[in-house]
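>>> got a predicted model here, sequence first, then my questions.
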Amino acid sequence: MGAGIRILAVALLALAAAGGAAAQLRQGYYSASCPNVEAIVQAAVALKVQQTPVAVGATVRLFFHDCFVQGCDASVIIVSTANNTAEKDHVSNLSLAGDGFDTVIKAKAAVDTQCPSPNLVSCADILTMATRDVIGLAGGPAYPVELGRLDGLVSTASNVDGNLPPPSFNLDQLTAMFAANNLSQADMIALSGKARQLLKSCLLTAPAIANPRITLAASVLVRKYPMCSVFLSCNPHKAGRKGLDSAC
C-alpha cells in the first residue's frame, strides 16, 4: 500500500493546485499573519485521527467532493437553510462521513484559538492542510501545499449535478470530467482507480472489513491497515458482499 498512498498524495496535490486556480495561491501565505498555522492544523488533525482513525478516509473523500464542485472552496461544508439545500445535502454527498467534517471543525477551532484573530484562515485552506496531514498520518509522504484559498459563499445542491462522477461513468466520461478539472488521466487513475485497488487489498488482507460478522473494532483495524479507513468511511460491508464498485 506504500506505493498506492504515494500516488494518491501526488494526485491530491494536483487536485489542490487545480481547484484553487481562481485564488492567488502560494506557500507560506500565512507566514506573517499566523506563522504556525500548519503546525496548529497538523496537531489538531493528529488528535482527531488518534481518536477516530476513520477520519483519514473521511477527510480525503470530503476534499475530493469539495474540489470537484466549484473548486476547493469548502462550499461542501456550508449547511442548508430553510430556503436553500446546500451541496452537502445533495444525494451524491449524503455518504460523506461526519468525521471528515469534524476534522475540519476541530482544526478550525484550534486555528481560531491560536492565531491572532478568528476567521483569519479560510476553511478551504484548513481542509487542504487537513487532507495533506491525514495522508501523512496514514503513512504517505509529506508534501507542501499552496495556501490562500477563499471560502465559497454560495452552496447549492444543484451545483453538484454533473460535477461528481457517478458509478455508471465509463473511462471516456471519467477522463473528460477529470480533464475539466485540469487533471490528467493519471490523476484520475490515482484518485478513482487506485482507490478500488486499495479496497481490493483491504478486502484481501483485512477480512473483517468484508465480513460484518467479524467483530474487530474499526479503530484497531485502521491502525493495522491505515488506508483501509478510506473504505470504512464509505460502506465496507456492502462492498464485501456486492463487489468493489458498490463501495462508495
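Ah, there it is. Numbers count the residues shown, from 1 in each chain.

>>> every contact and neighbour count from this point should use C-alpha atoms.
OK.

>>> might you list the low-confidence residue ranges for this protein?
The chain contains residues with pLDDT under 70 at 1-23, 185-248.

>>> ranges for the helices of it?
For the chain, the helices defined by DSSP state H occupy 2-19, 37-51, 55-67, 98-114, 123-137, 171-180, 185-188, 194-205, 207-210, 218-224, 229-232, 236-242.

>>> buried sites along the second one?
So that's helix 37-51. Across helix 37-51, burial judged by 16 or more other Cα atoms under 10 Å covers 37-38, 40-42, 44-46, 48-49.

>>> need the residues you listed in TSV with distance to Arg61, can you?
Below are those laid out as TSV (distance: Cα to Cα, whole Å):
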residue	distance to Arg61
Val37	23
Glu38	21
Ile40	22
Val41	18
Gln42	18
Ala44	19
Val45	15
Ala46	17
Lys48	16
Val49	15
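
>>> closest one to Asp133 out of the residues you listed, please.
When the buried residues of helix 37-51 are ranked by distance to Asp133 (Cα to Cα), Gln42 comes first, at 6.0 Å.

>>> so what's the closest one closest to, chain neighbours aside?
If the residues on either side of it in the chain are set aside, Gln42 comes closest to Asp133, at 6.0 Å by Cα to Cα, 6 or more residues apart in numbering.

>>> got a list of what that neighbour touches?
Contacts for Asp133 (Cα atoms under 8 Å, 6 or more residues apart in numbering) come out as 42, 45-46, 142.

>>> the closest residue to Val49 other than its chain neighbours: neighbour count?
The shortest distance from Val49 to any non-neighbouring residue, by Cα to Cα, 6+ apart, is to Ala55 (5.7 Å). If you count neighbours by other Cα atoms under 10 Å, Ala55 ends up with 28.

>>> do the same with Ser31
Ser31: 11 neighbours (other Cα under 10 Å).

>>> for Ser184, same thing?
Neighbours of Ser184 (other Cα under 10 Å): 17.

>>> biggest separation within the buried residues of helix 37-51, which pair?
The most widely separated members of the buried residues of helix 37-51, counting by Cα to Cα, are Val37 and Val49 (18.3 Å).
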